[in-house]
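A.B. asks: Have a look at this prediction, sequence included:
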Amino acid sequence: LIRSIRELETKQMEMVETETLLEDEDPALRELAETERENCVKDIQDLSKKILDLLIPEEEADLNELVLEVTAGVGGQEAMLFTAEVFDMYQGYAQHHGWSFDTLEYMTSDLGGLRHASASISGRLCYKKMKFEGGVHRVQRVPKTEKQGRMHTSTMTVAVLPQPTEISFTINQKDLRIDTKRASGAGGQHVNTTDSAVRIVHLPTGVVAECQQERSQLKNREKAMKALRAKLYSLKLEEETSKRYNQRKIQIGTKGRSEKIRTYNFAQDRITDHRIGMTLHDIKNFLLGEDLLDEMNSSVCEFSNQEALMELLGENG
């Protein structure tokens, strides 16, 4: 931090010297000074941003991997179709960043939508980059099933749960009840004949995690355990963060599961993030989970960082 502040001071002095050369009579020197000044402005902006980032304390879970959960909300089949699109968007986002994306649960609807799904995501800064995606996502469009051409509003919920490291979190095996059953597909038909689906209940809290993706019971148990650990760790973090962040507009981590955070309006081809009032266009590209989602995400993170800094200054003021 000190090194960056010193670099910034040096750049600011350079800037002052360069600005005096802009008054020089020699046009070649003035041109050189103009180029130099533009470079200085960029360096000063970059260093200021770096200093702000260094001042803002890291969240405990920022470097963790995560478990993503999507659940269809209000709107029947249309909500389930949209949930499938959002899940695909995050799979694309993981691919875009070179993260691994491992599906834990995938419960489809009759029309090819998604009732509920979860996935384990791991890779550099994945939780830090995705933690503000949690909340209610709303879609406004004419559903494929709509005969009259009327616009419908549907919702789905995203939860982003940080995956604890082995050291930071342990679960007592005595607190668990593990049930096995046959995995079932859409419409209730059995997809295999062995008891491979696993359901784990954490008795003290009543938290449940299930997995039936794999044919092997052992693998399903491992994946269900991963999801359970993330859910319990998230509860623990939520308790801690709610004590510390009462005033923040953007809640850290998974606090906003019931809050409407974003609207996807297909008729106007726009995506609006309600927390920062930002609107982007081109839904088709946004749902690919690449640069546009990155752009919106970065803006939300930046806003949160500013809030954290104001809070820090308030505490120390």
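C.D. replies: Noted; the coordinates are in hand. Residues are numbered from 1 along each chain as shown.
A.B. asks: Which secondary structure state is assigned to His116?
C.D. replies: Three states are possible here, and by DSSP: H, G, I helix; E, B strand; the rest coil the one that applies to His116 is strand.
A.B. asks: any idea how this protein splits into domains?
C.D. replies: For the chain, the TED database gives the domain ranges 1-55, 66-166+251-315, 173-241.
A.B. asks: Could you save the ones you listed as TSV and add columns showing mean neighbour count?
C.D. replies: C-betas here are computed from N, CA, C, even on glycine. Listed next are these as TSV, based on neighbours: other CB atoms under 10 Å:
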stretch	mean neighbour count
domain 1-55	13
domain 66-166+251-315	18
domain 173-241	16
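A.B. asks: Would you format those as CSV with mean pLDDT included?
C.D. replies: Listed next are these as CSV, based on pLDDT from 0 to 100:
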stretch, mean pLDDT
domain 1-55, 86
domain 66-166+251-315, 87
domain 173-241, 79
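A.B. asks: measure the most centrally placed residue in the chain to Arg275 for me?
C.D. replies: Central residue of the chain (CA atoms, centre = their mean): Met130, 2.0 Å from the mean position. Separation of Met130 from Arg275 (CB to CB, to the nearest Å) stands at 15 Å.
A.B. asks: Ok, Leu292 next?
C.D. replies: Following CB to CB, the distance that separates Leu292 from Arg275 is 17 Å.
A.B. asks: likewise Ser298?
C.D. replies: Counting by CB to CB, the separation of Ser298 from Arg275 is 14 Å.
A.B. asks: One more: Glu14?
C.D. replies: Counting by CB to CB, the separation of Glu14 from Arg275 is 38 Å.
A.B. asks: Check Cys126 too.
C.D. replies: In this structure, Cys126 and Arg275 are 21 Å apart, going by CB to CB.
A.B. asks: likewise Ala197?
C.D. replies: The separation that Ala197 has from Arg275, given CB to CB, amounts to 37 Å.
A.B. asks: can you check Lys50 too?
C.D. replies: Distance, Lys50 to Arg275, using CB to CB: 25 Å.
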